[in-house]
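[1] Sequence isn't available, so here's the structure alone:
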């Protein structure tokens, strides 16, 4: 309010003075006097003696000059009408700028503090949420422990049954392959025996002519027959061992007694 009043008063004065010719004359006289005083001060400065210059170069003189320059700079300025312009306005603007700067610094400090507080709140919230989630998971696991254990046992039993089924299927497949192989060998042996029998029948006609050769052939046939019988018996023993091992595995896993599997294989001696 006082600033606006001073501004309005200065404007009204300038308007009232600018209209009168007397004020214009006074302004000219003020300007002339100001220029004369300025020229006089310059002439005085030029007319100083070397001694004064030496004194001026001394530290005390420098301080006095610095104080005078400060007093001059602080002295109120004069407008074109010769009136002093108060420095209150500049001081108020400077003070206002300082206050605005301080307010801005305080605002920035509050913003940074709020950001730090927000980060701390977010970190604490995240930590608490994680703790609550972990606690909730533990509680749920503790509540559903029996259910989880039963589910695990159920899946284990299912996996065991699947494995047993796969093993039985694999065993049956291998057994079938072995049976087919055995049948194939028996057929080959039967064919061989038939061939040998035919050969013996044919050779019996000429037994008197080639007894030695027939004896050797019989000996070789007997040897071959013994080898075949030995192979057959070995194969039968292996089959029995595999059957017994498979039955033991099945009984141990299922814990239920099952009838022992038996596979009848005709002996070579019976066929002979």
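    Received it, and whenever you're ready, just let me know what you need. Just so you know, these numbers come straight off a predicted model, no measurement behind them. Numbering: from 1, shown residues only.
[2] Would you map the strands across this structure?
    Secondary structure of the chain (DSSP state E): strands at 77-78, 84-85.
[3] Just the mean pLDDT for the last one, thanks.
    For strand 84-85, mean pLDDT is 56.
[4] same check, this time on stretch 228-241
    Stretch 228-241 shows a mean pLDDT of 90.
[5] Can you show me the helices along this structure?
    Secondary structure of the chain (DSSP state H): helices at 2-19, 21-46, 50-57, 59-74, 88-143, 145-204, 211-254, 268-271.
[6] Pretty sure residue 228 sits against residue 186.
    No. Residue 228 is not in contact with residue 186 according to CB atoms under 8 Å; the separation is 10.1 Å. C-beta coordinates here come from the backbone N, C-alpha and C atoms, glycine included.
[7] Give the intersection of the neighbour lists for the two.
    Common contact partners of residue 228 and residue 186 (CB atoms under 8 Å, 6 or more residues apart in numbering): none.
[8] what about residue 232, neighbour count?
    Residue 232 has 19 neighbouring residues, counting by other CB atoms under 10 Å.
[9] Ok, the one 5 residues further on next?
    Here the neighbour count serves as a burial measure; for residue 237 (other CB under 10 Å) it reads 10.
[10] cool, the one 3 residues further on as well?
    By the other CB under 10 Å criterion, the neighbourhood of residue 240 contains 13 residues.
[11] can you check the one 3 residues further on too?
    One way to gauge burial is a neighbour count; for residue 243, by other CB under 10 Å, it gives 16.
[12] what's the average pLDDT for stretch 110-129?
    Mean pLDDT, stretch 110-129: 92.
[13] For the remainder of this discussion, apply numbering that starts at 477.
    New numbering, starting at 477: the last item is stretch 586-605.
[14] mind listing what's buried in it?
    By neighbour count with 16 or more other CB atoms under 10 Å, stretch 586-605 contains no buried residues.
[15] so where is the stretch 577-726 of the chain shaky, pLDDT-wise?
    686, 689-690 (pLDDT under 70).
[16] and if we set it to 80?
    For the stretch 577-726 of the chain, the stretches flagged by pLDDT under 80 are 676-694.
[17] what sits up against stretch 644-653?
    Identification of contacts with stretch 644-653 by CB under 8 Å, 6+ apart yields 718-719, 722, 726, 739.
[18] contact partners of stretch 684-693?
    Defining contact as CB under 8 Å, 6+ apart, one finds that stretch 684-693 is touched by 675, 679-680, 683.
[19] now, among these, which is nearest to residue 622?
    Of all the contacts of stretch 684-693, residue 622 sits closest to residue 675, with 77.5 Å by CB to CB.
[20] tally of neighbours for the closest one?
    Using other CB under 10 Å: residue 675 sits among 12 other residues.
[21] same check, this time on residue 709
    13.
[22] How about residue 684?
    8.
[23] And it, its phi and psi?
    Dihedral angles of residue 684 (phi, psi; degrees, to the nearest 10) stand at phi -70, psi -30.
[24] Also residue 681?
    Torsion angles, degrees, to the nearest 10, at residue 681: phi -70, psi -30.
[25] how many other residues sit next to it?
    By the criterion of other CB under 10 Å, residue 681 has 8 neighbours.
[26] do the same with residue 704
    Applying other CB under 10 Å, we find 16 residues neighbouring residue 704.
[27] Excluding sequence neighbours, find me the nearest residue to residue 675.
    Nearest residue to residue 675 in three dimensions, chain neighbours excluded: residue 693, at 7.8 Å (CB to CB, 6 or more residues apart in numbering).
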